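[1] A predicted structure for the sequence below; I have some questions about it.
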Amino acid sequence: MTAERVAARPRRQPWSKWAPHGESQRGAMTPIPPPDDDPVVLYLAALEARRSATDTLPKPHEAPDNLAHADMVEPPAESERDALRRNLAADTPGSDANIERLEPGFVEHADDYGRRHQITYEGWRAAGVDEAVLARAGIRPPTR
């Protein structure tokens, strides 16, 4: 290729976060919204917290009883205690309630997230994601 032809070639634009708006507004650009990775990242963090939880953290099922026996705290009513226990469990990373709360978002976004980050079925399993959850997310083991 001659130097004149190389110089005459249009320069390719580097990838950007902008995409064409549409045919009617040729040349107009609109930003592409970032992917919603939060549900997947939060679910994986909860699984990791379950695997690496230390004994120094209070257990959700033990905390209300421990608080009830403290001198400075008046024991809550039974219904209030149950509500506190459920809320604490739902917000404690790695608890069953926390993982159940995060699972629907993971199922919705995991396939797209996995494709973008090149995560294989084996990679999801190594991260601790259950086979049934992967199946609901549409992620299948490779066929041999």
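    Good, I have the coordinates. Worth saying up front: this structure is predicted, and the values here are computed from it rather than measured.
[2] burial check on the residue lying closest to D96 once chain neighbours are set aside, number of neighbours?
    Distance criterion CB to CB, 6 or more residues apart in numbering; nearest residue to D96, sequence neighbours excluded, is A89 at 7.3 Å. Using the backbone N, CA and C atoms, a C-beta is placed for each residue, glycine as well. By the measure other CB atoms under 10 Å, the count of residues near A89 is 18.
[3] report all helices and strands that the helix or strand containing A89 contacts.
    With elements delineated by DSSP states H and E, A89 resides in helix 78-91, which encompasses its position. If you count contacts as 3 or more CB pairs under 8 Å, 6 or more residues apart in numbering; DSSP states H and E, helix 78-91 packs onto helix 63-68, helix 96-116.
[4] domain assignment for the protein?
    The chain breaks down by automatic domain parsing into domains covering 37-54+94-144, 58-91.
[5] mind putting these in CSV, mean pLDDT included?
    As requested, those are arranged in CSV below (pLDDT from 0 to 100):
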stretch, mean pLDDT
domain 37-54+94-144, 89
domain 58-91, 68
